[in-house]
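Trainee: 3D, please:
(one chain, ligands or ions: 1)
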Amino acid sequence: MICNFINLLTSIIRDYNIINLNDFKKLVDNDSLLITTDVNKKYMVSVKDYLDKFGDVMIVDHHQDDEFTIPAIYKYIDIKASSASEIITGVLKERDIRYSAKLANALLAGVILDTKRFQKNTSASTFKAAEELCNNGANYDAVNRLFVSDFKEAMEINSLIFGKEEIIDENIPEDMLVNNTVIMAYPQILGSPTVSFTINRNKPSTIYNQITLAKAADQMLNYNVDASFVLGYVCPDEVGISARSRGDFNVGEVLAKLQYLDLPQVELLAFQPLEVIKSGGGNMQNAGGKVTTTDIFGLEDEIKKQVEERLKITNPVSLVGEQEKLNGFYKR
Ligand SMILES: [Mn+2]
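Mentor: Modelled structure (predicted):
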């Protein structure tokens, strides 16, 4: 998958003059225009220390702006758009700008990535953008093939999500199973949102790549959950969090709250209050963060508390519990 992407990218890059940060420092002046797309936070761009050097700044994005947004005179932010690619496709059409099939493929890849192949955050304008891109030479089948999954990575994600282990303990009257993923329902007047929480509860200290956590959170949206949170150590004393939502439940706001909390950590000294927002934040449907802590379960409790506060429910119903009685089937 990576290889296909690199091929697509290098063929696009050949059409442009790409510069590195050193060239940039020599070239930037008051006549320079910075255009950021799919990102608007100062702390997420590589030129964050040189923002005042640009004459003008333009933002084209689908992430909510906030106090960390790069100051810009030209801002085109549409948080209802599925992806920045959808917005750009609209602009290209509106302005009647011609573009190559290569670029059409790259934009379609952006739409497919952000919508999980049109499974989330997809509106009539998303389909319109896809149609437009296909009419301009994008090949849906070819772009789709860029997203085939890696088998080993799928195994890791699946064992993180579905992992369960028997605890056979003389002190516990009944043998139990520990599930990595729990699903809670929060009864409301209208409907009952469900939220999943995934941690490798059986081997909590396992180190994961943040991307694996994000893909696991993504995958949980294939099931009957409205929002998913996946936590895992990304370093021995740092927990990565990835959250996804398919609808109105704002996971970005839940994770942003973490920075204001005193987490019940084992190593309170190691906690850096701004870490969460610095390394992630997010929007309504996609959010990520990192917290310096050695207490992954304490962090999970804090996130659960935030979710309860948000949904105004203090006693959610567990649909899939952390522990379940071990039936004979699992016993060896
Ligand atoms: Mn995006």
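Trainee: from the middle of its chain, how far away would the helix or strand containing K152 be?
Mentor: Using DSSP states H and E, K152 sits in helix 151-162. Distance of helix 151-162 from its chain centroid, counting by Cα atoms, centre = their mean, to the nearest Å, is 17 Å.
Trainee: same thing with stretch 241-250?
Mentor: For stretch 241-250, the distance to the chain centre is 8 Å (Cα atoms, centre = their mean).
Trainee: ok, now stretch 166-178?
Mentor: 35 Å.
Trainee: go through that stretch and flag the buried ones.
Mentor: M176, L177, V178 (16 or more other Cβ atoms under 10 Å). C-beta here means a position set from N, CA and C on the backbone, and glycine is covered the same way.
Trainee: same question for stretch 134-148.
Mentor: Counting neighbours by 16+ other Cβ under 10 Å, stretch 134-148 gives N136, A138, V143, L146 as buried.
Trainee: now, these that are in strands?
Mentor: Judged by DSSP state E, those include no members of strands.
Trainee: what bridges to the closest residue to the ion within the stretch 201-332 of the chain?
Mentor: Here the residue of the stretch 201-332 of the chain nearest the ion is N286; by Cβ to the ion that distance is 7.5 Å. Counting by DSSP bridges, N286 forms beta bridges with R244.
Trainee: that one and T122: what is the separation?
Mentor: When distance is defined by Cβ to Cβ, to the nearest Å, N286 is 14 Å away from T122.
Trainee: next: K304.
Mentor: Distance from K304 to T122, by Cβ to Cβ: 29 Å.
Trainee: give the contact list for K116.
Mentor: Counting by Cβ atoms under 8 Å, 6 or more residues apart in numbering, K116 touches D218, L221.
Trainee: pLDDT value on it, please?
Mentor: On the pLDDT scale, K116 is placed at 86.
Trainee: before we move on, which element is the residue of the chain most remote from its centre in?
Mentor: Relative to the centre of the chain, and counting by Cα atoms, centre = their mean, the farthest-placed residue is E170 at 41.5 Å. E170 is part of no helix or strand, with elements assigned from DSSP H and E.
Trainee: got phi/psi on it?
Mentor: Recorded main-chain torsions at E170 are phi -60, psi -30, according to degrees, to the nearest 10.
Trainee: for it, give me the pLDDT.
Mentor: Value listed for E170 in the pLDDT field: 74.
Trainee: then D262?
Mentor: So, for D262, pLDDT stands at 54.
Trainee: follow-up on the earlier one: from the buried residues of stretch 134-148, which two are the most distant?
Mentor: Of all pairs drawn from the buried residues of stretch 134-148, the widest gap by Cβ to Cβ lies between N136 and L146 and measures 17.7 Å.
Trainee: now do the helix holding K152: everything it contacts.
Mentor: The contact list for helix 151-162 (Cβ under 8 Å, 6+ apart) reads 180-181, 198, 200, 208, 212-213, 215-216, 219-220, 230, 232.
Trainee: buried stuff in it?
Mentor: Those would be E156, I157, S159, L160, I161, for helix 151-162 by 16+ other Cβ under 10 Å.
Trainee: so which of those is the closest to A109?
Mentor: Set against A109, the nearest of the buried residues of helix 151-162 by Cβ to Cβ is I157 (20.8 Å).
Trainee: from M176, how far off is that closest one?
Mentor: I157 is 24 Å from M176, by Cβ to Cβ.
Trainee: quick one, strands of the stretch 101-250 of the chain?
Mentor: With DSSP state E, counting those that start in this stretch as the criterion, the stretch 101-250 of the chain has strands at 164-167, 176-179, 181-185, 194-198, 227-235, 238-245.
Trainee: can you redo these as TSV with mean pLDDT and distance to the ion?
Mentor: TSV is the format used below for the strands of the stretch 101-250 of the chain (pLDDT from 0 to 100; distance: least, Cβ to the ion, whole Å):
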stretch	mean pLDDT	distance to the ion
strand 164-167	85	33
strand 176-179	90	31
strand 181-185	97	26
strand 194-198	97	22
strand 227-235	96	18
strand 238-245	92	13
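Trainee: so which of the ones you listed comes closest to D96?
Mentor: Short answer: strand 238-245, nearest of the strands of the stretch 101-250 of the chain by Cβ to Cβ, at 36.1 Å.
Trainee: between strand 227-235 and the closest one, find me the angle.
Mentor: Relative orientation of strand 238-245 and strand 227-235, computed by axes from the mean of the first three to the mean of the last three Cα atoms, to 10 degrees: 160 degrees.
Trainee: and strand 238-245, how far out from the chain's middle?
Mentor: From the chain centre to the centre of strand 238-245 is a distance of 8 Å (Cα atoms, centre = their mean).
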